[in-house]
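Asker: For reference, the sequence and a predicted model appear below.
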Amino acid sequence: MSSVPKSLKYSNSHEWVRQDEDDLLTVGVTDHAQTMLGDLVYVELPELEGSFETGQEVAVVESVKAAADVYSPVSGEIVEINELLLENPQLINEDPYGKGWLFRIRPFESELKDLLSADEYSKVVASEAH
Amino acid sequence: MGKRTPLYQCHVEAQAKLVDFAGWDMPLHYGSQIQEHHQVRQQAGMFDVSHMTIVDLHGPAVADYLRYLVANNIDRLVPGKALYTCMLNEQGGVIDDLIVYKMTDNFYRLVVNSGTREKDLAWLTKQANSFELTLTVRDDCAMLAIQGPHIREKIPTLFSPDQAQTILNLKVFHAAELDHYFIARTGYTGEDGFEVILPATEAPAFWRKLLAADIKPCGLGARDTLRLEAGLNLYGADMDETVTPLESNLAWTVAFDPTDRQFIGRTALEKQLHNGVKQQLVGLVLEGQGVLRNHQKVIVDGFGEGEITSGSFSPTLSKGIALARVPAQVGQHCLVDMRGKQVPVQVIKPPFVKQGKKTFSHITERENE
């Protein structure tokens, strides 16, 4: 079973979101997503200061097997990207909720209303297995 | 549930991620396909390839049959030698690629793909009709490929001293039978190594012996990137019945000499040669970052379009690489439509990697002009 930390919020499209103390959000792809993709070999990250709508394509993660779009789980402005991934995309496989984070975003709205809890996201993962 | 090889339980114990491959439950990887790739390029790895179909041919007319059946010429073989060849239909299309091992004048062994098993067996049987021979499918056997630059030094720990001596004396593309084991110095990775055919019942014990010798299990994922780097075609992706060997970088496997050998597809290939071969299978190296993918469009300026037949990421080169079928006039550079963007690629003659090293030098557009 893949890990789904209780402290995070999730999207249906397998991104996780962490609300940080400075009210910025850190975003990555879930353990389930990295397991399905296999070894990651290339990551395309958004431009700093770029603005994205909820559900807009914001990044691309490519494994040996497939390319997957990453969708912005909220609307906001990119304030930081994880440049370590450009050299070492396998950090996403090794530590999807830690060193494998993708970007930090300043949300335009304070509420994270459409995101899923860990329990809700676990159900999404379970339903995909059938 | 798919078909299971005699090593299924070993894969489960090794925590394989199992996937369906041509109706078989096969290991995709045992954790990381990239680590497994490097393991084979730098050390030693093993692959369960028991899903492949082994066919033994016995009888006085076997050589005549094979002279007619396959595009390469088995008269190049002596006992204990192997030949890579295609089996063609009348139109010159590739029914399958296979290895033919000559063991004696009256005994040859074929190894064909698993995805094409049923049609291959139907074709082999149909063509055997007028020849005096028996055809036996060896589903009682397992097959393991052990590959990598450090394989040779491990052979003495796996076999008796006499057997090890015989194995280490095998030249490339040669095979020997040792008791119930059939051992060939062949493979699908571009590294030195062996393919071992053995009784299915003995396969799990042999697997454990290989594990104990620090030969690591590797899955189909690594097998695919290794063969792609080595420039080896995959049947069903890089070729099928709609293309000929001449359009598949396999002209070297077609023996037109002697001119009086009538093999199936010969007339069609001669006609194609006469009219000019319009497309060829080449290697592509992505100049920027990213991964090339199957079926992406290739644009050859002034001469039309082609298509990627096998695209992936080369762990050895850390670059996107691909085999692609393109207009024959292609130069040293062309473009690939990658997710809506046209990106430049270098065109090379495969392989991409030989014995762990890059085979080509980077040529910029400017030098090319």
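Answerer: Yep, that arrived.

Asker: okay, CA-based contacts and neighbour counts for the rest of this
Answerer: Noted.

Asker: Tally up the residues packed near B:His37, please.
Answerer: Using other CA atoms under 10 Å in any protein chain shown, B:His37 has 26 neighbouring residues.

Asker: which element is it on?
Answerer: Per DSSP states H and E, B:His37 falls inside helix B:33-42.

Asker: what helices or strands is that helix leaning on?
Answerer: strand B:216-217, helix B:220-229 (3 or more CA pairs under 8 Å, 6 or more residues apart in numbering or on different chains; DSSP states H and E).

Asker: Give me the mean pLDDT for the longest one.
Answerer: In other words, helix B:220-229. On average, the pLDDT along helix B:220-229 is 98.

Asker: what helices or strands is whichever helix or strand comes after it leaning on?
Answerer: With elements assigned by DSSP H and E, the helix or strand that comes after helix B:220-229 is helix B:266-275. Helices and strands touching helix B:266-275, by 3+ CA pairs under 8 Å, 6+ apart: there are none.

Asker: List the buried residues in helix B:266-275.
Answerer: By neighbour count on 16 or more other CA atoms under 10 Å in any protein chain shown, the buried set for helix B:266-275 is B:266, B:268-269, B:272.

Asker: Go ahead and name everything in contact with that helix.
Answerer: B:71, B:90-92, B:244, B:246, B:256 (CA atoms under 8 Å, 6 or more residues apart in numbering or on different chains).

Asker: now for the longest helix anywhere in chain A, which elements pack on it?
Answerer: Among the segments of chain A that qualify as a helix by DSSP state H, the longest is helix A:118-128. Contact analysis of helix A:118-128 by 3+ CA pairs under 8 Å, 6+ apart lists strand A:9-10 as its packing neighbours.

Asker: can you give me the helices in the chain?
Answerer: Since you didn't name a chain, this refers to chain A. Assigned by DSSP H, chain A shows helices spanning A:31-37, A:84-87, A:91-94, A:118-128.

Asker: other chain: chain B
Answerer: B:8-13, B:33-42, B:62-69, B:117-128, B:151-158, B:161-168, B:203-212, B:220-229, B:266-275, B:365-368.

Asker: one step back: deepest of the helices of chain A, which one?
Answerer: helix A:91-94 (a mean of 20; mean count of other CA atoms under 10 Å in any protein chain shown).

Asker: Residues contacting it, please?
Answerer: A:29, A:31, A:34-35, A:38-40, A:85, A:99-101.

Asker: how about a cut-off of 7 Å?
Answerer: A:34, A:39-40, A:85, A:99-100 (CA atoms under 7 Å, 6 or more residues apart in numbering or on different chains).

Asker: can you redo the residues you listed as TSV with distance to A:Ser75 and pLDDT?
Answerer: Below are the contacts of helix A:91-94 laid out as TSV (distance: CA to CA, whole Å; pLDDT from 0 to 100):
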residue	distance to A:Ser75	pLDDT
A:Gln34	23	96
A:Asp39	29	95
A:Leu40	26	96
A:Leu85	23	97
A:Lys99	23	98
A:Gly100	21	98
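
Asker: Could you identify the most distant pair in these?
Answerer: Maximum pairwise distance in the contacts of helix A:91-94, criterion CA to CA, is 15.3 Å, between A:Asp39 and A:Lys99.

Asker: Please say which of these two ends up with more neighbours.
Answerer: Neighbour totals were compared for A:Asp39 and A:Lys99, and A:Asp39 leads with 24 against 16 (other CA under 10 Å).

Asker: partner residues bridging the residue nearest to the spatial centre of chain A?
Answerer: Taking CA atoms, centre = their mean as the criterion, A:Gly28 is the residue nearest the geometric centre of chain A, at 2.5 Å. Note on A:Gly28: beta-bridge partners by DSSP bridges are A:Trp16.

Asker: before we move on, back to that, distance to B:Gln329 added to the helices of chain B, as TSV?
Answerer: Formatted as TSV, these follow (distance: least, CA to CA, whole Å):
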stretch	distance to B:Gln329
helix B:8-13	46
helix B:33-42	33
helix B:62-69	32
helix B:117-128	34
helix B:151-158	41
helix B:161-168	44
helix B:203-212	47
helix B:220-229	23
helix B:266-275	15
helix B:365-368	15
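
Asker: Contacts only, for the closest residue to A:Glu49 other than its chain neighbours.
Answerer: Counting by CA to CA, 6 or more residues apart in numbering or on different chains, A:Glu49 lies nearest to A:Ile78, which is 4.9 Å off, once chain neighbours are set aside. With contacts defined as CA under 7 Å, 6+ apart, A:Ile78 is in contact with A:48-51, A:104-106.

Asker: Neighbour-wise, which one of the residues you listed leads?
Answerer: A:Ile105 (27 neighbours).

Asker: Before we move on, what's the pLDDT of the nearest residue to that residue once chain neighbours are set aside?
Answerer: Nearest non-adjacent residue to A:Ile105, counting by CA to CA, 6+ apart: A:Ile78, 4.4 Å away. Predicted confidence (pLDDT) for A:Ile78: 98.

Asker: gap between A:Ile78 and A:Arg104?
Answerer: 6 Å (CA to CA, to the nearest Å).

Asker: near chain B, which residues of chain A show up?
Answerer: Applying CA under 7 Å from any CA of the partner chain, we find that chain A lies next to chain B at A:39, A:42, A:64.

Asker: Looking at the residues you listed, which is nearest B:Ser160?
Answerer: Of these, the one sitting nearest to B:Ser160 (CA to CA) turns out to be A:Asp39, at 38.8 Å.

Asker: pretty sure the closest one contacts A:Ser63?
Answerer: Yes. Counting by CA atoms under 7 Å, A:Asp39 does reach A:Ser63; the two are 5.3 Å apart.

Asker: Just give the number of residues close to B:Asp179.
Answerer: With other CA under 10 Å as criterion, B:Asp179 counts 8.

Asker: One more: B:Asp192?
Answerer: 21.

Asker: Equivalent analysis for the one 4 residues further on, please.
Answerer: Using other CA under 10 Å, B:Val196 has 24 neighbouring residues.
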